[in-house]
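Participant: Fold the following.
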Amino acid sequence: MKAFLFLAAFILFPLAKSNAQTAAYLCSQTGAYGYCYGNSNVNGCAYNMCVKYGGTSPYSVFSTSSKGYGALVVGTGSNGVRVIGASGGYSSGADAVNRAKNECISRGGQNIYVADTWNDQN
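Facilitator: Have a look, this model is predicted:
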């Protein structure tokens with residue numbers, strides 16, 4: 001019985017740790033995006049927000065289990081569709097913004113702007 005409990009704890013412990021702290025989803029067809037931070041199901045929340053705002057086939061652009069500062073940066077791709085960059089888990093707001101800007105630019109974002117910042121310590 002002890003061996004079963006140890007095995008069950010060994011298997012379930014990593015699953016409990018896999019919850020993300022921040023997540024962002026984007027739909028490359030419509031440009032809709034969704035992001036969430038600081039709740040128990042940020043991946044599902046971000047996906048659902050993307051769908052709510054018009055996403056037809058959202059995909060994950062960012063996910064982290066680290067607490068800290070985060071940012072969302074929005075730009076426009078060469079095809080006219082929205083592009084985003086997201087970050088989370090940083091020790092400073094400036095670092096989070098810089099990372100999100102770089103992510104957006106690396107995805108082809110032009111005319112970028114910071115849409116949101118946060119400090120998630122939950």
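
Participant: which residue packs closest to residue 70, ignoring adjacent ones?
Facilitator: residue 88 (3.5 Å; C-beta to C-beta, 6 or more residues apart in numbering). (C-beta placed from N, C-alpha, C; glycine too.)

Participant: The one you found - that's part of a strand, no?
Facilitator: Yes. Counting by DSSP: H, G, I helix; E, B strand; the rest coil, one finds residue 88 located in a strand.

Participant: mind listing what it touches?
Facilitator: Listed by C-beta atoms under 8 Å, 6 or more residues apart in numbering, the contact set of residue 88 reads 21-22, 37, 62, 64, 66, 68-70, 96, 120.

Participant: Retrieve the pLDDT associated with residue 40.
Facilitator: Residue 40 is assigned 85 on the pLDDT scale.

Participant: Give me the neighbour count for it.
Facilitator: Residues contacting residue 40 under the criterion other C-beta atoms under 10 Å number 9.

Participant: Next, it: phi, psi?
Facilitator: Its backbone dihedrals place residue 40 at phi -80, psi -10, with angles given as degrees, to the nearest 10.

Participant: sorry, back to before: for ChimeraX, write the selection for the buried entries among the contacts of residue 88.
Facilitator: In ChimeraX syntax, the buried subset of the contacts of residue 88 is picked out as below (16 or more other C-beta atoms under 10 Å):
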select :21,22,37,62,64,68,69,70,96,120
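
Participant: Could you list which of the contacts of residue 88 belong to helices?
Facilitator: Among the contacts of residue 88, the members falling in helices are residue 96 (criterion: DSSP state H).

Participant: Can you list the low-confidence ranges for this structure?
Facilitator: 1-20 (pLDDT under 70).

Participant: Right, I'll leave it there.
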